[in-house]
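A.B. asks: Got a predicted structure plus its sequence, pasted below:
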Amino acid sequence: MAGLEDLYREIILDHYRSPRNRGELPVPPARKLEGFNPLCGDEIVLYVDVDDNTVSDIRIGGQGCSISQASSSMMGAAVRGKSVDEARKLIRAFKALMSIHESRLEGDGDGEDLAAELEGVRLGDLEALQGVVKFPVRIKCATLAWNTLAQGLDETLGGASPPEDPPNPNGA
Ligand code: ZN
């Protein structure tokens, strides 16, 4: 399947060279979220506007390796305009894509639960990143933007906050 790997490499390089949704948004109303991967030195800065339970706009900054930057570009393109629920589903599916391969490599059976998680979610270009799992140290590069967004959505909405940190009713 060398042809497919070439295609994947092209997609990743395309996002790296021409990142989508690059820039900033005014804060507030947008939220600024920062992620850092010390293993590789990758930085991601996200500006996320959540409006009416929809990711109405997203802008991305930061610097780092091609995997981290391409992944953030793909993520922005994938979640922009989606409902928060859909965005969360994509985050779970993408992380499952990364861990399915991990669990397969380790030879345990957890892959099947994760496959169920992926069902019905269209990852499109994101599948290009699945080649990353052959290089386990790069998985953190690929998931950095997604973890940053997930954390930001939790904080913004309070929906999945841990119990010791309830949403502040006077926050806005
Ligand atoms: Zn990296």
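C.D. replies: Perfect, I can see it now.
A.B. asks: Do you have the strands of this protein handy? List them.
C.D. replies: 31-37, 42-51, 54-63 (DSSP state E).
A.B. asks: Of these, which stretch is the most buried?
C.D. replies: strand 42-51 (a mean of 21; mean count of other CB atoms under 10 Å). C-betas here are computed from N, CA, C, even on glycine.
A.B. asks: interface residues of this structure facing the ion?
C.D. replies: Within the chain, the positions lying close to the ion (CB under 5 Å from the ion) are 40, 42, 65, 68, 141.
A.B. asks: now the strands of the chain in a markdown table, with mean pLDDT?
C.D. replies: Listed next are those as a markdown table, based on pLDDT from 0 to 100:
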| stretch | mean pLDDT |
| --- | --- |
| strand 31-37 | 97 |
| strand 42-51 | 96 |
| strand 54-63 | 97 |
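A.B. asks: just to revisit the earlier point, so, if you compare the residues of the chain next to the ion, which one comes nearest to residue 135?
C.D. replies: For the residues of the chain next to the ion, the minimum distance to residue 135 (CB to CB) is 9.0 Å, reached by residue 141.
A.B. asks: Excluding sequence neighbours, find me the nearest residue to residue 148.
C.D. replies: Sequence neighbours aside, residue 35 is the residue nearest to residue 148 in space, at 3.3 Å (criterion: CB to CB, 6 or more residues apart in numbering).
A.B. asks: Tell me if I'm right that that neighbour and residue 141 touch.
C.D. replies: No - in this structure, residue 35 is not within contact of residue 141 by CB atoms under 8 Å, at 10.8 Å.
A.B. asks: shared neighbours of the two, which are they?
C.D. replies: residue 42 (CB atoms under 8 Å, 6 or more residues apart in numbering).
A.B. asks: Hmm, residue 144 is touching residue 68, no?
C.D. replies: Yes - assessed by CB under 8 Å, residue 144 is found in contact with residue 68 at 5.3 Å.
A.B. asks: can you pull out the helices in the protein?
C.D. replies: 2-17, 66-79, 84-106, 111-118, 136-157 (DSSP state H).
A.B. asks: if we look at the second one, which residues are touching it?
C.D. replies: Going back to what we said before, that points to helix 66-79. Outside helix 66-79, the residues that touch it by CB under 8 Å, 6+ apart are 11-13, 15-16, 19-22, 37, 40, 42, 44, 46, 55, 58-60, 62-63, 86-87, 90, 94, 123-126, 128-129, 132, 138, 141-146, 149.
A.B. asks: Report the helix or strand with the lowest average pLDDT across this structure.
C.D. replies: helix 111-118 (a mean of 63; mean pLDDT, DSSP states H and E).
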